[in-house]
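**Q** I would like the atomic coordinates for the input below:
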Amino acid sequence: MGHQADSHYDVIIVGSGPGGYVSAIRCSQLGLKTLCVERCGENNKPIFGGTCLNVGCIPSKALLDSSHNFQLANSGFEPHGINLKNITIDVRKMLERKEKIVSGLTKGVESLFKLNKVESILGEASVPEKGKVVVEEPSGNTITLSAENIIIATGSTPILLPFIECDGDKIVTSTGALDFKEVPERLGIIGAGAIGLELGSVWSRLGSEVVILEALENFLPSADQQISSEALKILSNQGLEVKLGAKVKEAKIVSEEVVVNFSDDSGESEIKVNKLVMAVGRKPQIKDIFASGLGIKINDQGFIEVNELCETSLKGIYAIGDVVRGPMLAHKASEEGIMVAENLAGESTEIDYGRIPFVIYTHPEIAWAGLTEEQALKKNLDISIGSFPFKASGRALASNETEGFVKIITNVQDDSIVGVHVIGPSAADIVQQGVIAMQLESSAEDLGLIMFSHPSYSEAFHEAALASRGNAIHIGNRKR
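**A** Residues are numbered from 1 along each chain as shown. Purely as a prediction, here's the structure:
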């Protein structure tokens, strides 16, 4: 696609992750002349989809699914009367399947761009002044483009611990952990957040002995405490060893092993592992994007400062997704991208940041939205809690998925739903029903009056809503 130096666009978007590509499509749908700049890729072809599609959400879910199936085949089918012997895993084939899914989806973004008339260009973009974007193409050639509006959607990159050298083979980030060519005998992971738990689950199911070192004293502190403690119990039973309050001091490669020194309540310790994964979080990727005198405000953590409509301190320059405040989640980035696009086209769209769904794709899944019990009490809300265990669910019993529960928190004053928390089968989808209910301002009574199909996992959500009012049918009700 030829891009003349005098090309002028309504919108130029930097980055094609779930924030950038979704925003580009929506801008174009709304009649804005749109260009998306993407830097990664080889053979001078952009690879769309950012971290999420290429080295994040999608490949990790593919491996989680493969490893879960392996584990089922190994030990999960016995209760069904199915006996399998000497199961093996072909890691190379598992990785090939993952790559195929990834490339299908990234090519899918490319065809969505064509379908929606979004132009794209490969190169490293920078913003020298308002309304201008300079793109350095892989050939070294630079072109200057102009735009009424610029949206920065460059995402994030794994945080590296300054005292540990990442060699890309024995010591890796999440990206490397998606590509181990064989199952490590012993795997160390620094960080017990979503990424650490998901990657730990993948390799643990395939036979790794996994130790997760978490500096915080509390496990999953942003989740509801009941959910966190249930999750820790279940994951520990699955064989993940989680050491809390473990502060890593150093990690070095000694012959063929990684020796990790850390301290916790019991003093100084060391572990020896074959591979070490750093999963201590992610940081915004905005180096060299803005010219120094541009005056775009960036906070101490390195995030671009924006208002509630994602506009930066300079009019006409927006930023969305992992480079701005709020949780680093693909769906949050996408919604911000759509909001900016619609507002540029003269509509008025806002995001409700209080109801963003969070999901951790362990098995069982862990998911939540809205307030935790602790947050609700801190706000001095008069709350009622309804919960329902999957072990009382016919559907869960039939499929041997009885771990966990659904918990609904309501505000007693108006019976509104303020939080939904689930650990168990289909947790992500059940929480989404909770988000819909909260968004449509449904009361717990309304949920109780809705007919749910039987048998389904969603019935646990229905029963939890009934339980919050003391009307559950399939468990005893607490006296209110």
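**Q** In the protein, where is pLDDT below threshold?
**A** Along the chain, segments meeting pLDDT under 70 span 1-6, 41-46, 480.
**Q** can you give me the helices for this protein?
**A** Per DSSP state H, the chain has helices spanning 20-29, 50-55, 57-71, 91-115, 174-177, 194-205, 225-237, 330-344, 373-378, 394-398, 427-439, 444-449, 459-467. These are given in chain order.
**Q** Make TSV out of these and add mean neighbour count and distance to residue 322.
**A** Glycine gets a C-beta too; all of them are placed from N, C-alpha and C. Shown next, in TSV, are the helices of the chain (neighbours: other Cβ atoms under 10 Å; distance: least, Cβ to Cβ, whole Å):
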stretch	mean neighbour count	distance to residue 322
helix 20-29	27	11
helix 50-55	24	8
helix 57-71	19	12
helix 91-115	15	18
helix 174-177	21	14
helix 194-205	25	13
helix 225-237	17	24
helix 330-344	23	7
helix 373-378	15	23
helix 394-398	15	35
helix 427-439	19	20
helix 444-449	18	34
helix 459-467	26	30
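**Q** Put together a markdown table for those helices, with distance to residue 364 on each row.
**A** What follows is these, written out as a markdown table (distance: least, Cβ to Cβ, whole Å):
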| stretch | distance to residue 364 |
| --- | --- |
| helix 20-29 | 29 |
| helix 50-55 | 23 |
| helix 57-71 | 11 |
| helix 91-115 | 22 |
| helix 174-177 | 22 |
| helix 194-205 | 11 |
| helix 225-237 | 7 |
| helix 330-344 | 20 |
| helix 373-378 | 20 |
| helix 394-398 | 10 |
| helix 427-439 | 6 |
| helix 444-449 | 22 |
| helix 459-467 | 12 |
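**Q** right, and these - which one's nearest residue 404?
**A** Between residue 404 and the helices of the chain, the tightest spacing by Cβ to Cβ is seen for helix 225-237, at 6.3 Å.
**Q** Give me the contacts around the closest one.
**A** If you take Cβ atoms under 8 Å, 6 or more residues apart in numbering as the criterion, helix 225-237 is touched by 197, 201, 218-221, 223, 242, 360, 362, 364, 366, 368, 372-374, 387, 403-405, 407, 421-423.
**Q** hmm, which of those residues are the buried ones?
**A** When burial is judged by neighbour count using 16 or more other Cβ atoms under 10 Å, the buried members of these are 197, 201, 219-220, 223, 242, 360, 362, 364, 366, 368, 372-373, 387, 403-405, 407, 421-423.
**Q** Point out the ones among those residues that are inside strands.
**A** The strands, defined by DSSP state E, take in 242, 360, 366, 368, 387, 405, 407, 421-423 from the buried ones among the contacts of helix 225-237.
**Q** Show me which of those residues is closest to residue 396.
**A** When these are compared for distance to residue 396 (Cβ to Cβ), residue 405 comes out closest, at 10.3 Å.
**Q** which residues touch the residue lying closest to the closest one once chain neighbours are set aside?
**A** Closest residue in space to residue 405, ignoring its immediate chain neighbours: residue 389 at 4.5 Å, by Cβ to Cβ, 6 or more residues apart in numbering. The neighbours of residue 389, taking Cβ under 8 Å, 6+ apart as the test, are 402, 404-405, 460, 475.
**Q** cool, and residue 344?
**A** If you count contacts by Cβ under 8 Å, 6+ apart, residue 344 has them with 10-11, 27, 30, 32, 149.
**Q** Now distance to residue 292 too, for these, in a markdown table please.
**A** Formatted as a markdown table, these follow (distance: Cβ to Cβ, whole Å):
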| residue | distance to residue 292 |
| --- | --- |
| 10 | 27 |
| 11 | 24 |
| 27 | 28 |
| 30 | 33 |
| 32 | 29 |
| 149 | 22 |
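**Q** Most neighbours among these, please name it.
**A** By neighbour count, taken as other Cβ atoms under 10 Å, the most surrounded of these turns out to be residue 27 (30 neighbours).
**Q** Quick check, that residue in contact with residue 13.
**A** Yes. Residue 27 lies in contact with residue 13 (Cβ atoms under 8 Å); the separation is 7.4 Å.
**Q** residues shared between the contacts of these two?
**A** Common neighbours of residue 27 and residue 13, counting by Cβ under 8 Å, 6+ apart, are residue 34.
**Q** Distance-wise, check the residue nearest to residue 405 relative to residue 265.
**A** In this structure, residue 389 and residue 265 are separated by 32 Å, where distance is defined by Cβ to Cβ, to the nearest Å.
**Q** repeat for residue 149
**A** From residue 149 across to residue 265, the span is 52 Å (Cβ to Cβ).
**Q** cool, and residue 203?
**A** Residue 203 is 27 Å from residue 265, by Cβ to Cβ.
**Q** ok, now residue 289?
**A** Where residue 265 is concerned, residue 289 sits at a distance of 43 Å (Cβ to Cβ).
**Q** Mind checking which of the two has more residues around it?
**A** Neighbours per residue (other Cβ under 10 Å) separate residue 289 from residue 265, with residue 289 holding more: 21 against 9.
**Q** Residue nearest the middle of the chain, spatially speaking?
**A** For the chain, the residue sitting closest to the mean C-alpha position, by Cα atoms, centre = their mean, is residue 329 at 4.6 Å.
**Q** That one is in contact with residue 360, isn't it?
**A** No. If you go by Cβ under 8 Å, residue 329 and residue 360 don't touch, sitting 11.4 Å apart.
**Q** Which members of the contacts of residue 344 occur in strands, if any?
**A** Reading strands off the contacts of residue 344 with DSSP E, I get 10-11, 149.
**Q** Show me which of these is closest to residue 318.
**A** Minimum distance to residue 318 across the ones in strands among the contacts of residue 344 is 6.7 Å, recorded for residue 149 (Cβ to Cβ).
**Q** For that closest one, give its distance to residue 132.
**A** Residue 149 sits 12 Å away from residue 132, going by Cβ to Cβ.
**Q** Would you mind listing the residues touching both of the two?
**A** Contact criterion Cβ under 8 Å, 6+ apart; no residue bridges residue 149 and residue 132 by contacting each.
**Q** coming back round to it: of all the helices of the chain, which one comes closest to residue 306?
**A** When these are compared for distance to residue 306 using Cβ to Cβ, the nearest one is helix 330-344, at 9.0 Å.
**Q** What is the burial count for residue 413?
**A** Residues contacting residue 413 under the criterion other Cβ under 10 Å number 9.
**Q** Contacts only, for it.
**A** For residue 413, the contacting residues are 381-382, by Cβ under 8 Å, 6+ apart.
**Q** Which residue is the nearest non-sequential neighbour of residue 187?
**A** Beyond its immediate neighbours in the sequence, the residue positioned closest to residue 187 (Cβ to Cβ, 6+ apart) is residue 208, lying 4.4 Å away.
**Q** tell me the contacts of residue 302?
**A** With the criterion set at Cβ under 8 Å, 6+ apart, residue 302 makes contact with 283-284, 286.
**Q** go again using 6 Å as the cut-off
**A** Applying Cβ atoms under 6 Å, 6 or more residues apart in numbering, we find residue 302 in contact with 283-284.
**Q** same check, this time on residue 314
**A** Taking Cβ under 6 Å, 6+ apart as the contact definition, residue 314 lies against 130, 296.
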